[in-house]
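A.B. asks: With the input below, show me the fold.
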Amino acid sequence: MSYLFKSKIKCKQCQQNLRGKLERSKKVYICSSYSKLSASCIRYRVLETDIIDMVTGHLKLRGVVLEGDLASYVDRVDVTLKDIGVI
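C.D. replies: Numbers count the residues shown, from 1 in each chain. This is a model prediction of the structure:
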C-alpha cells in the first residue's frame with residue numbers, strides 16, 4: 001500500500017512523522033510516536049482524502065495548475081490538533 005504523503009506530514013505536538021495506515025478500508029495518517037509508544041503523543045487520525053482536498057484547494061487559490069503527482073507539490077504538512085478539530 002502506498003501513501004501519497006509518506007514522510008511529509010508532521011505532528012506539531014511531538015514533531016514526529018504521521019505514518020500511513022489502512023483503517024476500515026480508508027487511508028489515514030496517525031502520529032508515529034503514538035503508534036510506537038502510545039504515551040508519547042495522543043491518538044488522532046487524518047484522512048488522506050482530507051489532506052488531498054486541503055492541498056488541492058491551497059494550490060488552486062495560488063493559481064497553480066496541477067500536473068503530475070500531487071505529492072510532488074508538497075514539501076511538508078504540519079498537523080495540529082486544532083486543525084483536525086480535536087481542540
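
A.B. asks: Chain neighbours aside, what residue packs nearest to Ile30?
C.D. replies: Residue nearest to Ile30 in three dimensions, not counting chain neighbours: Arg45, with 5.1 Å by Cβ to Cβ, 6 or more residues apart in numbering. Every residue, glycine included, has its C-beta placed from N, CA and C.

A.B. asks: so who does that neighbour touch?
C.D. replies: Taking Cβ atoms under 8 Å, 6 or more residues apart in numbering, we find Arg45 in contact with Lys21, Glu23, Val28, Tyr29, Ile30.

A.B. asks: Let me know the pLDDT of Val28.
C.D. replies: The score at Val28 is 93. That number is its pLDDT.

A.B. asks: Are we agreed that it is in a helix?
C.D. replies: No: according to DSSP: H, G, I helix; E, B strand; the rest coil, Val28 belongs to no helix; its state is strand.

A.B. asks: For it, grab the count of nearby residues.
C.D. replies: 20 (other Cβ atoms under 10 Å).

A.B. asks: Distance of Ser32 relative to Arg43?
C.D. replies: 12 Å (Cβ to Cβ, to the nearest Å).

A.B. asks: who has more neighbours, these two?
C.D. replies: Set Ser32 next to Arg43 and count neighbours by other Cβ under 10 Å: Ser32 wins out with 21 against 10.

A.B. asks: so what's that one up against?
C.D. replies: So Ser32 contacts Cys11, Gln16, Asn17, Leu18, Arg19 (Cβ under 8 Å, 6+ apart).
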